[in-house]
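K.L.:
I would like the atomic coordinates for the input below:
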Amino acid sequence: MEDTAHQDRKDQLRAELAEHTMYELLGGEDGIRSIVDRFYGLMDRDEAYAPIRSMHQADLSAIRQGLFEYLSGWLGGPQLFLERKGSPCIASAHAPFHIDAEGARLWVRCMDAAMAEAGVPLRYAEALLPALAGMSNMLRSA
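P.N.:
Presented below is the predicted three-dimensional model:
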């Protein structure tokens, strides 16, 4: 039964993506901001995310805006990051940090929890998490 439900969600998503970008499906600017705000909120208040929180400055406003801008373009919305900073090279931006397998997993787990808190439908989260995991693994330095 679960395999059928999963396939139904994939089919529904495929149909939605034929007419909308993921940015639109997630609620556009408001939806992406909600995910990003919850992501950094979780990182701030849940000790489980302390290893990745420690990689950030005390004031998260700049990184919060940067992730919002990056995700907006990555998900098919306005290319805000590109317009402000040029072509994003997230690997070089993360190079100074020691990111191991656990840090990469924590980042994805935090993003998964943020999407759940933001009310992102399961079919969207299921589609995004493998890509986010691939991205976080690409940034590993250890």
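K.L.:
helix or strand with the lowest mean pLDDT in this structure?
P.N.:
Averaged element by element with mean pLDDT, DSSP states H and E, the chain has its least confident helix or strand at helix 90-94 (a mean of 62).
K.L.:
tell me which other helices or strands the helix or strand following that helix touches.
P.N.:
Moving toward the C-terminus from helix 90-94, the next helix or strand (DSSP states H and E) is helix 101-117. For helix 101-117, the packing partners by 3 or more C-beta pairs under 8 Å, 6 or more residues apart in numbering; DSSP states H and E come out as helix 28-45, helix 50-53, helix 122-138. Backbone N, C-alpha and C define where each C-beta goes, glycine included.
K.L.:
and the gap between the residue with the shortest distance to the centre of the chain and residue 3?
P.N.:
When C-alpha atoms, centre = their mean is applied to the chain, the residue found nearest the centroid is residue 111 (5.4 Å). Residue 111 sits 25 Å away from residue 3, going by C-beta to C-beta, to the nearest Å.
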